[in-house]
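Colleague: return atomic coordinates for the entry below.
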Amino acid sequence: VRRFAEHIREVDMSRVQYRNGYLAMSDGCRLAVDVWLPPYGGNDRVPAVLHQARYYRSIRLWWPFSRLNGGKPIASLSDRYFKAMLCRGMAVVSVDSRGTGASFGIQHTPWGQRETQ
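Modeller: Predicted coordinates:
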């Protein structure tokens, strides 16, 4: 994995499509989700990588620092890996696990059965 991120070419973050919101689970619990789409995917389907986070799915920087990442939030713990995937045409879907970050619910065990289905 380390080598994967070492050889990334620079991705133009201003062209990356970013969306965030909530994903409803089968039991009605809502999980916070960020979706990052590669800059040259168009409307085509692209492969996606799922990232489940218990801490810091992403952070939003305030001006003037927000200009550092094209105005988009930074996935502080995984940013260089996310950029490496985006450069290779993959989408990244990052989710706060149940009961953590901006997600609702209670986390009984890390990556419980409902989250891994």
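
Colleague: would you mind measuring the gap between the ends of stretch 36-53?
Modeller: This stretch, stretch 36-53, spans 15 Å end to end (CA to CA, to the nearest Å).

Colleague: flag every buried residue along it.
Modeller: Judged by neighbour count using 16 or more other CB atoms under 10 Å, the buried positions of stretch 36-53 are 36-39, 41, 49, 51-53. All C-beta spots, glycine's among them, are computed from the backbone N, C-alpha and C.

Colleague: right, and R19 touches A91 too?
Modeller: No - taking CB atoms under 8 Å as the definition, R19 is not a contact partner of A91, at 10.4 Å.

Colleague: give me the common contacts of those two.
Modeller: Shared contacts of R19 and A91 (CB atoms under 8 Å, 6 or more residues apart in numbering): 35, 37.

Colleague: re the thing from before, lowest-confidence member of the buried residues of stretch 36-53, which is it?
Modeller: Of all the buried residues of stretch 36-53, G41 carries the smallest pLDDT score, 66.

Colleague: sec struct for F82, please.
Modeller: Here F82 takes the helix state, with states given by DSSP: H, G, I helix; E, B strand; the rest coil.
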